[in-house]
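[1] mind looking at a prediction? Sequence and model below.
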Amino acid sequence: MKTKFKLFCVLALSLSFIQDALAQRDIPEDDSQLLYEIYKELIEYKTTASEQNNTIAVEGMAAWLEAAGFPAEDIFIGGALPHKGNLVARINGTGAKEPIILMAHIDVVEAERDDWNLDPFVLNEDEEFYYGRGTLDDKAMAAIFTANLIRLKQEGFVPNRDIVIALTSDEETGGSNGIYWLLDNQPGLIQGALAINEGGYGLLQDGEPLANTIQISEKIFASFQVTARNPGGHSSLPRDDNAIYDLAEALLKIRDFDFPVELNDVMRVSFERQAEINTGQRAADLRSLLETPIPEESLERLSREAAINAQLRTTAVATLLDGGHASNALPQSAVATVNVRMLPGSDPEDVLRTLTRVVDNPEMEVIYQGGGRLSDPSPLTEEIMGAVEAVTEEMWPGITVMPTMSTGATDGAKMRNAGIPTYGVSGLFVDRTDMRIHGQDERLRKESLYGGYEFLYKLAKDLSE
Ligand SMILES: [Zn+2]
């Protein structure tokens, strides 16, 4: 505890020093110009695990807030590590309702200049797009939340609840210095009735808005290890019993096994709405998922699509392999890692029992190595769904609001476990066939950035007046 406190003081001191060195920001008259300047600045901070400019980045954001008149007591910067600062800032409301938390991570995945066509840490643009690491994941939301907080403050908006932004520094590496640190060390700062997070996008089809998704839950990562052992021997005298063959057989059984289909309420609504934006056989198949029992043929067709299959059931897949010790020896061991993505509400011990049964070889060992924290879906309340549907209808009339379960992981699960219902929704429209998150030449449509800015502004207001 004491060391932590000391470290914290050191961090606070170094921060105020950096802050003094930062030039005062000039807040432009034009709202979209303000967003652009904040976005550009944020993209250009190298907030990767190797460059570690996260604290400088949140300091930069704090300087914008200070220039807009936010008092020092409403801005907090802190973290477990000096280079992984997190920022929490707020507009104080009347307190009629519990706060809303607008959260975004400012750390980004590595990006090498040589792998990209453009410098990943310069905000480049052409007619349609902004380019740079983090343009979508997740600096768009971080910049938007910062610019919107300033916009609301300058309007003199008095919300009926605190509007809190949390810009965190440790999402991509799954570390404990971002939202975990805030939840553990500054829980009062980010306590709220609900949180808005990444994980939901508007979907474009042929350039037209099709649906606005809202992430309600996430699958949970779990790692299992399957091991075959054997006394081995000289490879000139092969036998049928062999660790590599045993493991190979076990892995093929896992490949051929399907976990049962389980649909919670969120996924039922999601499939219903996915059916609405599809046509023909696919629409009929999606609709049939709501029947009991689900027609076998529809299920078979849908299970062949990786993206749908992953929403229907827990999945397991071999991802790492290690076996044998010499090219001229019979292997004494062979080990595989099986990566499992569990449906929310699953128990890793049940998955372990299932995998052991599927492998069906008492000579082999299956163990659970660990995984993400378990979390249940956020409730589909009238408050959040009503607000998201109203703002979506106002901005993009006629499109569907679609609840989703992410097959990957965000900080949302950590918040849900802390008792704060968390919803991934951004109003940032992306083309499903052009998702470059974590990849080369990450980009975001210019129109989408300003659309998301407007959407999240209206949503924050709607939830707090
Ligand atoms: Zn992200």
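    Alright, I've got the coordinates.

[2] residues of stretch 206-224 that come out buried?
    By neighbour count on 16 or more other C-beta atoms under 10 Å, the buried set for stretch 206-224 is 209-224. Heads up, the C-betas are built off the backbone N, CA and C, glycines and all.

[3] which residue, other than its chain neighbours, is closest to whatever residue of the stretch 151-300 of the chain ends up closest to the ion?
    Nearest residue of the stretch 151-300 of the chain to the ion (C-beta to the ion) works out as Glu198 at 4.9 Å. Distances taken as C-beta to C-beta, 6 or more residues apart in numbering put Asp138 closest to Glu198, at 4.7 Å, once the chain neighbours are dropped.

[4] next, that neighbour: phi, psi?
    The phi and psi values for Asp138, taken as degrees, to the nearest 10, are phi -140, psi 30.

[5] pLDDT at it, what is it?
    pLDDT, Asp138: 96.

[6] could you measure from it over to Gly200?
    12 Å (C-beta to C-beta, to the nearest Å).

[7] circling back: any idea which of the buried residues of stretch 206-224 is closest to Leu302?
    Distance to Leu302 across the buried residues of stretch 206-224 (C-beta to C-beta) is lowest for Lys219, with 16.9 Å.

[8] the residue of the stretch 301-450 of the chain found nearest the ion: neighbouring residues, count only.
    Per C-beta to the ion, Thr410 is where the stretch 301-450 of the chain lies closest to the ion, at 6.0 Å. Residues near Thr410, counting by other C-beta atoms under 10 Å, number 22.

[9] three-state assignment of the residue nearest to it when sequence neighbours are not counted?
    Using C-beta to C-beta, 6+ apart and skipping the chain neighbours, the partner closest in space to Thr410 is Gly199 (4.8 Å). State at Gly199, reduced to three classes by DSSP: H, G, I helix; E, B strand; the rest coil: coil.

[10] quick one: residues contacting Gly199.
    Listed by C-beta atoms under 8 Å, 6 or more residues apart in numbering, the contact set of Gly199 reads 215, 218, 404, 406, 410, 412, 424-425.

[11] and Ser426, by the same measure?
    Counting by C-beta under 8 Å, 6+ apart, Ser426 makes contact with 140-141, 198, 200-202, 452, 455-456.

[12] nearest to Glu365, of those?
    Nearest to Glu365 among the contacts of Ser426 is Glu198, at 38.0 Å by C-beta to C-beta.

[13] surely the closest one is in contact with Ala142?
    No - using C-beta atoms under 8 Å, Glu198 is not in contact with Ala142, being 9.3 Å away.

[14] higher neighbour count, the two?
    Counted by other C-beta under 10 Å, Glu198 and Ala142 do not tie: Ala142 has more neighbours, with 30 against 25.

[15] ok, that one to Asn197 distance?
    Taking C-beta to C-beta as the measure, Ala142 falls 11 Å from Asn197.

[16] which neighbours do the two share?
    Residues touching both Ala142 and Asn197 by C-beta under 8 Å, 6+ apart: Ala104.

[17] who does the spatially closest residue to Arg432 that is not a sequence neighbour bridge with?
    Spatial nearest neighbour of Arg432, excluding adjacent residues (C-beta to C-beta, 6+ apart): Leu203 at 5.7 Å. Note on Leu203: beta-bridge partners by DSSP bridges are Ala211, Val430.

[18] buried residues in stretch 390-402?
    Result for stretch 390-402 [16+ other C-beta under 10 Å]: buried residues 391-392, 395-396, 399-402.

[19] the spatially most central residue of the chain in helix, strand or coil?
    In the chain, the centroid-proximal residue (C-alpha atoms, centre = their mean) is Thr410; its distance is 2.7 Å. Three-state call for Thr410 (three-state DSSP): coil.

[20] would you confirm that it contacts Thr168?
    No - in this structure Thr410 lies outside contact range of Thr168 using C-beta under 8 Å: 10.9 Å.

[21] what sits against Pro238?
    The neighbourhood of Pro238, defined by C-beta under 8 Å, 6+ apart, consists of Leu330.

[22] now swap in Val351 and tell me
    Val351 is in contact with 222, 224, 314, 316, 340, 342, 368, counting by C-beta under 8 Å, 6+ apart.

[23] confirm the first one sits in a helix?
    Looking back up the chat, that one is Ala222. No - per three-state DSSP, Ala222 lies outside any helix segment and is strand.

[24] about what we covered before: pull up the overlap in contacts between Glu198 and Ala142.
    Each of 104-105 lies in contact with both Glu198 and Ala142 under the rule C-beta under 8 Å, 6+ apart.

[25] helix or strand for Ile38, which one?
    helix 31-44 (DSSP states H and E).

[26] which neighbouring elements make contact with that helix?
    Applying 3 or more C-beta pairs under 8 Å, 6 or more residues apart in numbering; DSSP states H and E, we find helix 31-44 packed against helix 54-67, helix 139-155, helix 446-462.

[27] what's the closest of those helices to the ion?
    The ion lies closest, by C-beta to the ion, to one member of the helices and strands packed on helix 31-44: helix 139-155, at 8.7 Å.

[28] contacting residues around the closest one?
    For helix 139-155, contacts defined as C-beta under 8 Å, 6+ apart pick out 27, 31, 34-35, 38-39, 42-43, 61, 64-65, 68-70, 89, 91, 102, 104-106, 108, 134, 159, 163, 165, 167, 198, 426, 428, 444, 449, 452-453, 456-457, 460-461.

[29] weed out the non-buried ones from the residues you listed.
    27, 31, 34-35, 38-39, 42-43, 61, 64-65, 68, 70, 89, 91, 102, 104-106, 108, 134, 159, 163, 165, 167, 198, 426, 428, 444, 449, 452-453, 456-457, 460-461.

[30] do a quick rundown of the helices in the stretch 301-450 of the chain.
    Ranges of helices in the stretch 301-450 of the chain, per DSSP state H, counting those that start in this stretch, are 306-312, 348-359, 382-395, 412-417, 446-462.

[31] mean pLDDT lowest where, among those?
    Across those, helix 412-417 gives the lowest mean pLDDT, at a mean of 90.

[32] which elements pack onto it?
    On a contact count with 3+ C-beta pairs under 8 Å, 6+ apart, helix 412-417 meets helix 179-185, strand 194-197, strand 208-218, strand 422-424.

[33] can I get those in CSV including distance to Glu262 and mean pLDDT?
    Shown next, in CSV, are those (distance: least, C-beta to C-beta, whole Å; pLDDT from 0 to 100):
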stretch, distance to Glu262, mean pLDDT
helix 179-185, 28, 95
strand 194-197, 24, 98
strand 208-218, 12, 94
strand 422-424, 21, 97
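
[34] quick one: low-confidence ranges for the protein?
    Residue ranges of the chain with pLDDT under 70: 1-23.

[35] now do the contacts for Asp285.
    298, 301-302.

[36] sec struct for it, please.
    In three-state terms, and counting by three-state DSSP, Asp285 is helix.

[37] which element is the nearest residue to it once chain neighbours are set aside on?
    Closest residue to Asp285 apart from its sequence neighbours, by C-beta to C-beta, 6+ apart: Ser298 at 4.1 Å. Using DSSP H and E, Ser298 maps to helix 296-303.

[38] list the buried residues of that helix.
    By neighbour count on 16+ other C-beta under 10 Å, the buried set for helix 296-303 is 298-299, 301-302.
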